[in-house]
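**Q** would you be able to build a 3D model of this:
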Amino acid sequence: MNTEEIVVSVVTAWDAEQIAALYRSAGWWETELDPASVIPALFTGSFAVAVAHDGNNRAVGMGRVLSDGVSDGYIQDVVVDPDCRGQGIGKRIVQLLTETCLQAGVAWIALIAEPDTHAFYEPLGFTVMKDYLPMKYEKLPIKNGDKTNDHT
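**A** This next block holds a predicted model:
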């Protein structure tokens, strides 16, 4: 694929099946979820979504930022179609999302990278946050008023 044909744009919507296919290519998508009902919410719930697409408007990459548009911005879900990786598309997606945040005045921009991907993000201006630890909520939802129902 000719990368000169790839356009990266901030968009407010895209074909749900194409975006779901990108998520699946990264192993992030549960097959029982209905893209038509979930993907539009991902777009509306994001501060910005960048989609990389070819001349046929086929999505070959995407990423998004979660933010209130005033303070912190968190880049997530950066994915490129496996057949298109290694061509700078992911870099262009991250750069556009970062520029979009900075233009809005959101200067504190972070992400949680997968293991061994720091070499991709460091040239784009990201550094490891020493003395900080990403954390994930692991308690199960409370059911039937049981306030002790947790994962630990």
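**Q** ok, which stretches of this protein are helices?
**A** For the chain, helices defined by DSSP state H occupy the ranges 16-25, 35-44, 89-103, 118-121.
**Q** got a markdown table for the ones you listed, with mean neighbour count and distance to residue 57 too?
**A** The C-beta positions use only the backbone N, C-alpha and C, and glycine is treated the same way. Formatted as a markdown table, these follow (neighbours: other CB atoms under 10 Å; distance: least, CB to CB, whole Å):
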| stretch | mean neighbour count | distance to residue 57 |
| --- | --- | --- |
| helix 16-25 | 18 | 9 |
| helix 35-44 | 14 | 16 |
| helix 89-103 | 19 | 15 |
| helix 118-121 | 13 | 26 |
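**Q** and the ones you listed: which comes nearest residue 142?
**A** Among these, the nearest to residue 142 by CB to CB is helix 35-44 (23.3 Å).
**Q** next, the angle from that closest one to helix 16-25.
**A** 80 degrees (axes from the mean of the first three to the mean of the last three CA atoms, to 10 degrees).
**Q** mind listing residues that contact helix 35-44?
**A** With CB atoms under 8 Å, 6 or more residues apart in numbering as the test, helix 35-44 has contacts from 11, 12, 13, 14, 16, 17, 19, 20, 49, 64, 77.
**Q** for that helix, the averaged confidence score.
**A** For helix 35-44, the mean pLDDT works out to 92.
**Q** how far does it sit from its chain's centre?
**A** Distance of helix 35-44 from its chain centroid, counting by CA atoms, centre = their mean, to the nearest Å, is 13 Å.
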